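Visitor: Here is a sequence with its predicted model. Questions after.
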Amino acid sequence: MDATYTPDLSLVASAEFFAENKNIAGFDNPGKSLYTTVRELVENGVDSAEGMGCLPWIQVTVEEISKARFNTIMGLDEFERTDEALYHDFETKKQKDKREAKEAVEREKIRILEEKQNVKGAEAAKTTFLKSVSARKRKGTMYYKVTVKDNGSGMPHEHIPDMLGKVLSGTKYSLKQTRGKFGLGAKMALIWSKMSTGLPFTIKSAQEKRKFISSFVLDIDMYKNVPHVHKEEKLPNDKSWRGSEIAVTIEGDWVAYRSRLLSYLRQMAVITPYAQFDFRFVSEDPEKGFSYTFKRRTDTMPEPPKETKYHPSAVDLMVFEQLLSHSKANTLVKFLQNDFLSINKTYAERLIAEMGPDFDPLMHPSELKGRKDMLVRMQQLFKEAKFSLPDGSCLSPVGEYNLRLGIIKELDPDMVSTYRLPQVQVFEGHPFIVEAGVSVGGKTVKPGLNVYRFANRIPLLFEKGGDVVTKVANSINWGNYKITKDDRVGIFVSVVSTRIPYKGAGKEYIGADIKEYASAVKQAIQGCAVQLSKKISRKDAAKAAQERKGKLVKYIPDVSRAVVTMLSNILKDSEQPEKRRRISHLDTEGILEQFEKKELSESILSRKLIQHVQQIDVELALEYAAQTGMASKRKSDIFISPASVLQALGPELHASKCVIQLLH
């Protein structure tokens, strides 16, 4: 290389880097960008509400904006196409004829299905056909205004521009279980808005007991990574509102990602049954707009996750340098003791002695800065030495109770079981907890295995095939648990950790090659399957008993008729004195006497036999309940939602059987 050559290097701002690599944060294309925008804003809102300890209430609105209306907003004049062949949706005569022939075949298929009165098949074919026609007719780019409103803590007025308009200014970089994958969220939505529409976004926010609502219109200078405030004002907060409302206009594809968006919200309702999600889609065509509410099912929230210190085995050289820079310890002993898990003073002194003569217990931690050799020695020892494992007390799993309620609320299955591993698992020094639920049945569940994955209490919808949950679920022999391939089975696995070992740039799945996760997931799913197999066995036994009962009842008329015939014959024979004395001696119940007095007939005997069969059925059920302890078990709590989430709550009335919440 020429010694005089000077490379043309420039510093790339964080915002500019993420704008050029937007797929890292899930903004691969317009459809997924719409999905990711909603997802990030919803999760920010849930985080904010949970941080205050209040039940989340998230309101999402996606408003469709046609190209014509968008141009009006931007002040652009509408124009007619003059050279149709210039556009990608242009059809030659041959292409048009081929398309119209295909559409004619589809219409004929629908007509035949309707004639055969196959309503379900006809509706499915018609829906598919209309979607394809709609997509073809929808020329040009579509835009969407996404608005997400929460009831969280709100943001301080003076910090709003930096919190939303500067990339990597977030607070999710401490060692703590968090929903965020990159700490970007709304900021990437802002970057996508600037890239696809050029429009800034609007933020309204109010904190507890504040008399004003902060209102900003802002975007981001991607080259300087600083917020650009277009408008700032304080509005009166007459209704004492608290929370945040963010509205952003972006390019998107609702048709392609509609099902993904609704599936995401449904799965959020499963994993956070203590939250309410209101969704509204506003279409350019009023008939296509709709709204849906995923109602709250419980008011029991998990404990919030806690910040924790690094376990020695989880530390690399970069983390070492960061900890040294931020440590308040004035000696190496205190640094090891105060900034790491599982190291007390005695063990810290033993570790320092093992590090070699260059290390002294009383040396200041700052002396290690820039000494790569010493840091490498410390890291090597931390990898090789024995430490007690983290206990996982910093984690916040959803809980079996909430997971079960979420599954029941959204899927309405015939039966469901949940299981949590009794011990906390550890991978590379980071604790993790696995909870699982398996359901059978449900109106919206397809036949076969339906896998639902959650990491740090958020749904994972993409790259399902390579995920550890999918591969483990498919490897299990479900026939051993009395579950067939035709059953509608839902498999729910929730993992929480201080660091989820995602695979891929999009962080959408956990690799099946991680043995610790694969083993834990398999144990959790099998724990659910064992419970279900017992339930299915009891259900089968009850079904068999019911069938036996049905057979008994079926033959009761014949049995009654035969008994009455036999009694008639006995009475005829008993006219002889000797036989009557012998028969009277055997008839201790007085059946012949009742029959002779017309107190016992074929109809009466049939009725009594049916009553006897039913009585035995009840007695067997009670005996089973007593044996299994079901009769003495405390009944499950139920949650009855208020008439309106806007309704103010009054005092509670506590009774022995329930708690009644009064409304103002």
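Guide: Perfect, thanks for sending it. Here the structure is a predicted model, which is why all the values come from computation and not from measurement. Residues are numbered from 1 along each chain as shown.

Visitor: For the rest of this, base every contact and every neighbour count on C-alpha atoms.
Guide: OK.

Visitor: Find the least confident helix or strand in this protein, judged by mean pLDDT.
Guide: Scoring the helices and strands of the chain by mean pLDDT, DSSP states H and E places helix 577-586 at the bottom, with a mean of 56.

Visitor: Determine how far the helix or strand just after that one lies from the middle of the whole chain.
Guide: Following helix 577-586 in sequence order, the next helix or strand is helix 591-596 (DSSP states H and E). Taking Cα atoms, centre = their mean, to the nearest Å, the mean C-alpha location of helix 591-596 is offset from the chain mean by 69 Å.

Visitor: same for helix 591-596, what does it pack against?
Guide: helix 515-573 (3 or more Cα pairs under 8 Å, 6 or more residues apart in numbering; DSSP states H and E).

Visitor: next one: the helix it packs on to chain centre, how far?
Guide: Computed by Cα atoms, centre = their mean, the chain-centroid distance of helix 515-573 equals 37 Å.

Visitor: The helix or strand encompassing I213 pairs with which strands, and in what direction?
Guide: In the assignment (DSSP H and E), I213 maps to strand 212-221. Neighbouring strands of strand 212-221 in its sheet, by DSSP bridges, are strand 201-206 (antiparallel), strand 226-236 (antiparallel).

Visitor: Grab the nearest non-local neighbour of R488.
Guide: The shortest distance from R488 to any non-neighbouring residue, by Cα to Cα, 6 or more residues apart in numbering, is to P447 (4.2 Å).

Visitor: mind listing what that neighbour touches?
Guide: K485, D486, D487, R488, V489 (Cα atoms under 8 Å, 6 or more residues apart in numbering).

Visitor: one more time with 7 Å, if that's ok
Guide: The contact partners of P447, by Cα atoms under 7 Å, 6 or more residues apart in numbering, come to D486, D487, R488, V489.

Visitor: Taking the residues you listed together, which two end up most distant?
Guide: Within the contacts of P447, D486 and V489 form the most distant pair, 8.7 Å apart (Cα to Cα).

Visitor: Can you tell me which of the contacts of P447 has the most neighbours?
Guide: For those, the largest number of neighbours (other Cα atoms under 10 Å) sits with V489, at 24 neighbours.

Visitor: Surely that one and Y452 touch.
Guide: No - V489 lies out of contact with Y452 (Cα atoms under 7 Å); the separation is 10.7 Å.

Visitor: rewinding a little: any residues in contact with both of D486 and V489?
Guide: With Cα under 7 Å, 6+ apart, D486 and V489 have common neighbours P447, G448.

Visitor: Next, format the strands paired with strand 212-221 as a markdown table and append mean pLDDT.
Guide: As requested, the strands paired with strand 212-221 are arranged in a markdown table below (pLDDT from 0 to 100):
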| stretch | mean pLDDT |
| --- | --- |
| strand 201-206 | 92 |
| strand 226-236 | 91 |
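
Visitor: which one of those strands is the most hemmed in?
Guide: Most buried of the strands paired with strand 212-221, by mean neighbour count (mean count of other Cα atoms under 10 Å): strand 201-206, with a mean of 24.

Visitor: Pull out the CA atoms of that one and give them to me as PDB.
Guide: What follows is strand 201-206, C-alpha atoms only, in PDB (Å, rounded to 0.1, in the frame of the first residue of the first chain):
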ATOM      1  CA  PHE A 201     -44.100  12.100  15.400                       C
ATOM      2  CA  THR A 202     -46.300  13.600  18.200                       C
ATOM      3  CA  ILE A 203     -45.900  12.800  21.800                       C
ATOM      4  CA  LYS A 204     -48.200  13.700  24.700                       C
ATOM      5  CA  SER A 205     -47.300  12.800  28.200                       C
ATOM      6  CA  ALA A 206     -48.400  13.600  31.700                       C
END
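
Visitor: Contacts for it next, please.
Guide: 154-155, 190, 212-219, 241-249.

Visitor: returning to that earlier point: chain center to the strand holding I213, what's the gap?
Guide: Counting by Cα atoms, centre = their mean, strand 212-221 comes out at 31 Å from the chain centroid.

Visitor: Just the residues contacting that strand, thanks.
Guide: When contacts are defined by Cα under 7 Å, 6+ apart, strand 212-221 is touched by residues 157, 165-166, 190, 200-206, 226-237.

Visitor: Tell me where the model's unsure across the stretch 401-550 of the chain.
Guide: 505 (pLDDT under 70).

Visitor: Can you tell me who K234 pairs with across the strands?
Guide: S214.

Visitor: one step back: pick the one among the contacts of P447 closest to P431.
Guide: Nearest to P431, judged by Cα to Cα, of these is V489 at 29.2 Å.

Visitor: how close does the closest one sit to K608?
Guide: 43 Å (Cα to Cα, to the nearest Å).

Visitor: same deal with D221?
Guide: Distance of D221 to K608, given as Cα to Cα: 87 Å.

Visitor: the more surrounded of those two?
Guide: For D221 versus K608, the count of surrounding residues by other Cα under 10 Å is larger for D221: 17 against 13.

Visitor: Appreciated, that's everything.
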